[in-house]
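Participant: I'll drop the sequence and a predicted model, then ask my questions.
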Amino acid sequence: MKTHNLYGNFYISPQIHPRQIPALIESGYTTLINFRPDDESWGQPKSSRIEEAAKAAGLNYVFIPVSMREGISPEQIEQTKNAQDKYDGKILAFCRSGTRAAFLWALSQKDKLSAGEIISSGSRAGIDLRPLQPALRA
């Protein structure tokens, strides 16, 4: 599984599966943030299955389902910020491709980092965060 560092201890990846939990622990992750709503696509593992495997292995697990059809809400941005503040250690946030996770991270960091730093972090991880510029500068 390929993960990308956005900034500090925050990493993103595409969808993970419960069978990947041991490898995530080996890689030093302590917290998982799942931004993918259940039943978004066929074959996707349910959040409850991932949570069960994560908690059984001693990982923190946060579920913030974000539907891109409905958009990102201020509450979801705040939940993302709170999860980062609450948990120490290496965080892996995931969704279908990793882009949604990067967008939520970016929006949660606008009070801590400049728009340029956020966009550069996304670029290094292979994610184009430039569409967020107006929101990051607001």
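Facilitator: Structure's in. What do you need?

Participant: same for the helix or strand hosting Q84, what does it pack against?
Facilitator: Using DSSP states H and E, Q84 maps to helix 74-86. Secondary-structure packing of helix 74-86 (3 or more Cβ pairs under 8 Å, 6 or more residues apart in numbering; DSSP states H and E): strand 29-34, strand 90-94, helix 99-108. C-betas here are computed from N, CA, C, even on glycine.

Participant: Secondary structure element holding D39?
Facilitator: Applying DSSP H and E, one finds D39 in no helix or strand.

Participant: Would you mind finding the most buried of the helices and strands packed on helix 74-86?
Facilitator: Highest mean neighbour count among those (mean count of other Cβ atoms under 10 Å): helix 99-108, with a mean of 24.

Participant: what bridges to the residue nearest the centre of the chain?
Facilitator: By Cα atoms, centre = their mean, the chain has its centre lying nearest to A93, at 2.4 Å. In this entry, A93 is beta-bridged to I12, I33, by DSSP bridges.
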